[in-house]
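K.L.:
generate coordinates for the sequence data below:
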Amino acid sequence: MSTQHHIRVAKALPLRLIHFFQKFPPPALLPQTPTPVPVAAEPASTTTPVDSNASLSSTTAPIPETPIPISNAQDAELPYHNPFLPVKSHLTGRWRGPTYGLRQQADLVKLASTHGVLDLLPWTIKKPGEKEKRRIEKGLQVKGTGEGQKVKGKLWERTLKGRLEKRRKAMLDMPALVQEWKQKGHGRGWKTWPSGRAKK
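P.N.:
Down below sits the predicted model:
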């Protein structure tokens, strides 16, 4: 796309998205910087420096910074940490929360989807289709819903099937019971109820 097209799209964006892209520009819009060519390291010298007053910092090699681990493969090309994900400090070992909370992420995704720039946002769980993809990968994380598992349920839920079967049999036997009731004088000759309890 041409630069003029990007400018027209940027002017049509709401102020909230413009501020977000100013802080975290998409990699597609960043100027391409040539990657440095690795140079073979020279073997370390075993001789001591001639100047004995040289400082320790000048004789020791600089310690390389530890790269920040990336949680999603789609964020490998980002020049910054994904602001939608937490990050762990390698110095203190503590986790720092994401720059934008889940509600803010959802609002940004809605705005970007409305203006057609959803692909420029970093990866977030609030993007369309991510929740369904996670459901397919991990399934329903509810105890008893897995393959070969069974939900325990309440007592009335566990005994419901037997009680319904008992009622069904009683309804099927009802015409015979009514007929027997009429033949025996509407219960005057019965010593016990059909259930076996003594007649009061």
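
K.L.:
only C-alpha atoms for contact and neighbour calcs from this point on.
P.N.:
Will do.

K.L.:
pLDDT weak spots in this protein?
P.N.:
Counting by pLDDT under 70, the chain contains low-confidence ranges at 1-3, 6, 31-77, 139, 146-147, 189-200.

K.L.:
which residues of it fall in strands?
P.N.:
87-88, 95-96 (DSSP state E).

K.L.:
those strands: which one's closest to residue 118?
P.N.:
strand 87-88 (23.0 Å; Cα to Cα).

K.L.:
and that closest one, which strands flank it?
P.N.:
Sheet pairing for strand 87-88, assigned by DSSP bridges, gives strand 95-96 (antiparallel).

K.L.:
just to revisit the earlier point, compare the strands of the chain and give me the one nearest residue 120.
P.N.:
Taking these one by one with Cα to Cα, strand 87-88 is closest: 20.9 Å.

K.L.:
related to what we said a few turns ago, let me know which of the strands of the chain is tucked in deepest.
P.N.:
strand 87-88 (a mean of 16; mean count of other Cα atoms under 10 Å).

K.L.:
quick one: contacts of that strand?
P.N.:
Here strand 87-88 makes contact (Cα atoms under 8 Å, 6 or more residues apart in numbering) with 81, 94, 95, 96, 97, 98.

K.L.:
distance of the residue nearest to the third one when sequence neighbours are not counted from residue 81?
P.N.:
Nearest-residue entry for residue 95: residue 88, 4.2 Å, with adjacent residues in sequence omitted and distances by Cα to Cα, 6 or more residues apart in numbering. For residue 88, the distance to residue 81 under the criterion Cα to Cα, to the nearest Å works out to 11 Å.

K.L.:
what about stretch 145-157, start to end distance?
P.N.:
Across its full length, stretch 145-157 reaches 16 Å end to end, with Cα to Cα as the criterion.

K.L.:
buried ones in that stretch?
P.N.:
Residues of stretch 145-157 classed as buried: none (neighbour count, 16 or more other Cα atoms under 10 Å).

K.L.:
over to stretch 181-191?
P.N.:
Of all the residues in stretch 181-191, those buried under the rule 16+ other Cα under 10 Å are residue 181.

K.L.:
again with stretch 88-100
P.N.:
Buried residues in stretch 88-100 (16+ other Cα under 10 Å): none.

K.L.:
next, the distance between the ends of that stretch.
P.N.:
OK, stretch 88-100 end separation, Cα to Cα: 16 Å.

K.L.:
for residue 84, which non-adjacent residue is spatially closest?
P.N.:
That would be residue 98: by Cα to Cα, 6+ apart, it lies 5.2 Å from residue 84.
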